[in-house]
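>>> need coordinates for the following:
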Amino acid sequence: MITIEQAISTVKANSKPLMTSTIKLVEKAGGYILSQDVMSPINMPPFNQSAMDGYALNIHDSATYQLIGEIQAGDDQQPILNPGEAVRIFTGAAVPNSANAVIMQEKVHAEKSQIHIEGTVSKNQNIRPLGEQVKKKDLALKAGTKLTPAAIGFLSSLGIVTVSVYKKPAIALMTTGNELVKPGSALSYGKIYESNSKMILSALYNLKFYDITLNKVPDNYEKTVDTLKEAIDENDLVIITGGISVGDYDFVGKALQELHVEELFYKVKQKPGKPLFYGKNATTQIFALPGNPAAALTCFYVYVYIALQNMMNRDATELPRVHAKSTSNFIKKGDRPQFLKAIYNDGEVEILEGQSSAMQQTFALANALVFMNEDEHEITIGKSVNTIILPQ
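Numbers count the residues shown, from 1 in each chain. The predicted structure follows:
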């Protein structure tokens, strides 16, 4: 059995970036990492652009200008303005090359074909110059950039349709157990509804991982070996829930041995989630999570999350941690470090009732985990505690 710190270090050291590129449509590339620099195919903006509604001017010494026309956003006209002439213009419209300033409409008094301006006007005022954001053939976004919604919008504004990104991992999600039945079916005596796959699948979707195959395996050794072999051969990451303990019908560990999966660690000194397995072969990462739902989800956020971020070549691999003031009292039993389901809000955190590893209802309310290390035995109201913020 190893410590949490050792387990995290092991995951970081062994989960490597996939570094395989694929081409994605820009609108479907959110959350991916650019594998190549993106050079701008155009100047942005592609013309001198008005930053507001107002009047484009060819500046002269008087405060009075002759109004000779109007330019809306999208118009392609290019009127010639002599000194002392102006055109009505709107935000985003192309500023004529013969204009050298835009004055906001709030500082203008219009009378038929003339306008009178208040205050002074300086050259290039309220004009976004051609190529202000990025010039044609210059670097728009560098390789390694995560494509956020803003990045998707920026690339689209440059007219870019596809980008080269690092491939996201193909993931197999496998559940074990004869006692598990599909939600919606009849629940006979001795059975429970299977929820771990839905829970982990939702967590993966929330992190924008979609290439996922689901497998359900009965408590049968040969079928466990066959299903695991196929999952490992065809995926970059395999996540198993249940079957990793040492009961008579827990076959996952034996099956992994038969398939020559290298065990990197098995069992972590923590609560919940002690019976956690992490291993690999030449091409695939394998996690076997505990069967209890709260333990499985805790291990997913603390360990599997790191592997996913590393495989995507992202800089931040762990979930954010903050120090928050506890609004609850809690006494820890035993000497294992513990992750406590909690609700974090504006610098304060409430430790919830029902910390059992099987308590899904409590986890359903939580947006954070409070971490108590081995030496901590009690949390009192007002104490500053180590808090992991969960993805929402």
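>>> CA only for contacts and neighbour counts going forward, please
Fine.
>>> list the buried ones in stretch 3-13?
Neighbour-count burial for stretch 3-13 flags 4, 7-8, 10-12 (criterion: 16 or more other C-alpha atoms under 10 Å).
>>> any idea which element the residue lying closest to M199 once chain neighbours are set aside lies in?
Spatial nearest neighbour of M199, chain neighbours left out: L297 (7.7 Å); criterion: C-alpha to C-alpha, 6 or more residues apart in numbering. Here L297 sits within helix 293-299, counting by DSSP states H and E.
>>> packing partners of that helix?
The contact analysis (3 or more C-alpha pairs under 8 Å, 6 or more residues apart in numbering; DSSP states H and E) places helix 293-299 against helix 196-206, strand 285-289, helix 360-365.
>>> distance between the longest one and the chain's centre?
What it means is helix 196-206. Put simply, helix 196-206 sits 14 Å off its chain's centre (C-alpha atoms, centre = their mean, to the nearest Å).
>>> contact partners of that helix?
Contact with helix 196-206 is made by 173-175, 210, 212, 214, 241, 291, 293, 296-297, 300, 391-392, as judged by C-alpha atoms under 8 Å, 6 or more residues apart in numbering.
>>> now the second one
Contacts made with strand 285-289 from outside it, assessed by C-alpha under 8 Å, 6+ apart, are listed as 15, 232, 236-242, 244, 252, 273, 275-280, 295-296, 299-300, 304.
>>> by contact count, what packs against the helix or strand of the chain with the lowest mean pLDDT?
Least confident helix or strand of the chain, by mean pLDDT, DSSP states H and E, is strand 180-181 with a mean of 76. In terms of contacts (3+ C-alpha pairs under 8 Å, 6+ apart), strand 180-181 is packed against strand 192-193.
>>> coming back round to it: of the contacts of helix 196-206, which is the nearest to F154?
Distances from F154 to these, taken as C-alpha to C-alpha, are shortest for Y210 (24.0 Å).
>>> for that closest one, what are its contacts?
Y210 makes contacts with L204, as judged by C-alpha under 8 Å, 6+ apart.
>>> and it, what's its pLDDT?
Among the per-residue scores, Y210 shows a pLDDT of 92.
>>> you'd agree it is in a strand?
No. Going by DSSP: H, G, I helix; E, B strand; the rest coil, the assignment for Y210 is coil, not a strand.
>>> state the distance from it to E348.
Counting by C-alpha to C-alpha, to the nearest Å, the gap from Y210 to E348 is 34 Å.
>>> again with T22
43 Å.
>>> just the helices from the stretch 201-350 of the chain, written as ranges.
For the stretch 201-350 of the chain, helices defined by DSSP state H, counting those that start in this stretch occupy the ranges 221-234, 252-258, 293-299, 305-311.
>>> equivalent analysis for the stretch 1-150 of the chain, please.
Secondary structure of the stretch 1-150 of the chain by DSSP H, counting those that start in this stretch: the helices cover 4-14, 149-157.
>>> for the first one, list the C-alpha coordinates in CSV.
Once side chains and other backbone atoms are set aside, the C-alpha atoms of helix 4-14 remain, and they are given as CSV (Å, rounded to 0.1, in the frame of the first residue of the first chain):
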residue,chain,number,x,y,z
ILE,A,4,-1.6,9.4,-1.9
GLU,A,5,1.5,11.5,-2.8
GLN,A,6,3.3,8.4,-4.1
ALA,A,7,0.2,7.4,-6.1
ILE,A,8,-0.2,10.9,-7.7
SER,A,9,3.5,11.0,-8.6
THR,A,10,3.2,7.6,-10.2
VAL,A,11,0.3,8.6,-12.3
LYS,A,12,2.0,11.8,-13.4
ALA,A,13,5.2,9.9,-14.3
ASN,A,14,3.5,7.2,-16.3
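>>> list of residues touching it?
Under the contact criterion C-alpha under 8 Å, 6+ apart, helix 4-14 has outside partners 264-265, 268-270, 278, 302-303, 306-307, 310.
>>> could you check the angle it makes with strand 285-289?
Per axes from the mean of the first three to the mean of the last three C-alpha atoms, to 10 degrees, the angle that helix 4-14 makes with strand 285-289 is 150 degrees.
>>> show the contacting residues for N235.
Taking C-alpha under 8 Å, 6+ apart as the test, what N235 contacts is 169-172, 284.
>>> also E132?
E132 neighbours (C-alpha under 8 Å, 6+ apart): 43-45.
>>> hang on, the earlier thing: format the helices of the stretch 1-150 of the chain as JSON lines; extra columns: distance to N329.
JSON lines is the format used below for the helices of the stretch 1-150 of the chain (distance: least, C-alpha to C-alpha, whole Å):
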{"stretch": "helix 4-14", "distance to N329": "24"}
{"stretch": "helix 149-157", "distance to N329": "40"}
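>>> which one of the ones you listed lies nearest to D335?
When those are compared by C-alpha to C-alpha, helix 4-14 sits nearest D335, at 13.2 Å.
>>> quick one: mean pLDDT over the closest one.
Mean pLDDT, computed over helix 4-14, is 97.
>>> stretch 229-245 too?
Per-region confidence: stretch 229-245 scores 91 on mean pLDDT.
>>> off-centre distance for that stretch?
24 Å.
>>> where are the low-confidence patches of the stretch 101-250 of the chain?
For the stretch 101-250 of the chain, the stretches with pLDDT under 70 are 178, 243, 245-249.
>>> got the domain boundaries for this structure?
With automatic domain parsing as the criterion, the domains of the chain are listed as 4-19+168-311, 21-43+134-166, 49-128, 321-389.
>>> centroid residue for this structure?
Geometric centre of the chain, nearest residue: L207, 5.2 Å, by C-alpha atoms, centre = their mean.
>>> list the residues that contact that residue.
For L207, the contacting residues are P391, by C-alpha under 8 Å, 6+ apart.
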